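Asks: okay, predicted coordinates and the sequence, questions at the end:
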Amino acid sequence: MKIGFIGLGNMGSPMAGNLIKAGHDLVVFDLVEASVNMLLAQHPGKASAAASPRMLAGAGMDLIITMLPASQHVKAVYLGPEGLLANVPQRMALIDSSTIDPQTAREVASLSASQGNVMLDAPVSGGTGGAEAGTLTFMVGGNEADFDRFKNIFSKMGKNIVYCGASGNGQVAKVVNNMLLGISMIGTAEAMSLGVSLGMDPKILAGIINTSSGRCWSSDTYNPYPGVLENIPSSRGYTGGFGADLMLKDLGLAAEAAKLAKQPIPLGSLAQQIYQTFSMQGNGALDFSAIINLFRKK
């Protein structure tokens, strides 16, 4: 299959690389020329570059995948006279793996359908490690027959491929999951900091939590206290992983979606405020588990 891929950031580049390794021909585009050149150098002769989304749309693709930072970037790439929708042939399939608000995903999918193009929203979970290893979770919204048609493509980039329902539901699943993750990380950070301040060894405390009712992913897999677990951001100065500003962005998406649905999210809103404070203190580039530094005694 000939696949167009737009967005070669920390997630998009390894995802595109895994498609190349699976034998697909790729035409790629990114505003950062260095990212394009790096991918082409990593896979010599296996991919080519397009000068713009419009040029990529007309290059005879079977499928186009986008992996972009935010809603405004998705709108810029898909809409307008230079965008994908104005330039792709009818029946072209489109997959957006960006994390954006459900409303934007549904608007773009509706416009796509109105001109005869298949579109799936397919945000991912699993971080850069999952992108590199090809073990991402895909949460997919759209027509189920289209999901079945492209499930094999998703399997080249991920391990857990889940159909979530109608257009936009992939984004709903991603936003809700990340809101819960932000809340649980703050709770784990509070609990670990309190226990250590009261004299507990952090590894013993984490072991008790992880075999008791307080257990969660933030405690047993991604514990924020330094030295409790190896090979995660808290044990390497909170570098790598999922940035605090990215968590703040996703909590903002949850807040926007909740406002539209008139659904109260008091803990989600509080988590957003806490991460906003953390970001304003200059910590946005640190892994989101560094939020524990708001609670730890120096």
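Replies: Perfect, thanks for sending it.
Asks: what's the pLDDT at Lys298?
Replies: Here, the pLDDT recorded for Lys298 equals 69.
Asks: Ile65: what's it in contact with?
Replies: Going by C-beta atoms under 8 Å, 6 or more residues apart in numbering, Ile65 touches Ile3, Gly4, Phe5, Ile6, Met15, Ala16, Leu94, Ile95, Asp96, Ser97. From N, CA and C alone the C-beta is placed, and that goes for glycine too.
Asks: next one: Lys21 from Gln42, what distance?
Replies: Distance from Lys21 to Gln42, counting by C-beta to C-beta, to the nearest Å: 10 Å.
Asks: swap in Gly268?
Replies: Gly268 is 39 Å from Gln42, by C-beta to C-beta.
Asks: with Ile100 instead?
Replies: 28 Å.
Asks: out of the two, which sits in the busier spot?
Replies: Ile100 (25 against 14; other C-beta atoms under 10 Å).
Asks: with adjacent residues omitted, what lies nearest to that one?
Replies: Distances taken as C-beta to C-beta, 6 or more residues apart in numbering put Ser71 closest to Ile100, at 4.2 Å, once the chain neighbours are dropped.
Asks: for burial, what's the neighbour tally of that neighbour?
Replies: Ser71: 21 surrounding residues under other C-beta under 10 Å.
Asks: what does Leu270 give?
Replies: Counted with other C-beta under 10 Å, Leu270 comes out at 14.
Asks: what's Met55 in contact with, if anything?
Replies: With C-beta under 8 Å, 6+ apart, Met55 has these contacts: Phe29.
Asks: so it is in which element?
Replies: Secondary-structure assignment from DSSP states H and E places Met55 in helix 53-57.
Asks: using PDB, write out the CA atom coordinates for that helix.
Replies: Provided in PDB are the C-alpha atoms of helix 53-57 (Å, rounded to 0.1, in the frame of the first residue of the first chain):
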ATOM      1  CA  PRO A  53       0.100  18.500   2.000                       C
ATOM      2  CA  ARG A  54      -1.500  19.500  -1.300                       C
ATOM      3  CA  MET A  55       1.300  17.900  -3.300                       C
ATOM      4  CA  LEU A  56       1.100  14.800  -1.100                       C
ATOM      5  CA  ALA A  57      -2.700  14.600  -1.600                       C
END
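Asks: right, and the helix or strand after it?
Replies: Per DSSP H and E, the helix or strand that comes after helix 53-57 is strand 63-66.
Asks: so what strands line up beside the longest strand seen in the chain?
Replies: Scanning the chain for the strand with the most residues, using DSSP state E, yields strand 158-165. As defined by DSSP bridges, the strand partners of strand 158-165 come to strand 136-141 (parallel).
Asks: low-scoring stretches of this protein, by residue?
Replies: Applying pLDDT under 70 to the chain flags the ranges 298.
Asks: spatially central residue in it, please.
Replies: By C-alpha atoms, centre = their mean, the chain has its centre lying nearest to Val124, at 4.8 Å.
Asks: how about the helices in the stretch 101-250 of the chain?
Replies: Ranges of helices within the stretch 101-250 of the chain are 102-114, 127-133, 144-155, 169-197, 202-209, 217-220, 244-261, based on DSSP state H, counting those that start in this stretch.
Asks: mind putting the ones you listed in a markdown table, distance to Leu229 included?
Replies: A markdown table is the format used below for those (distance: least, C-beta to C-beta, whole Å):
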| stretch | distance to Leu229 |
| --- | --- |
| helix 102-114 | 33 |
| helix 127-133 | 14 |
| helix 144-155 | 29 |
| helix 169-197 | 12 |
| helix 202-209 | 8 |
| helix 217-220 | 9 |
| helix 244-261 | 19 |
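Asks: sweet, I'm off.
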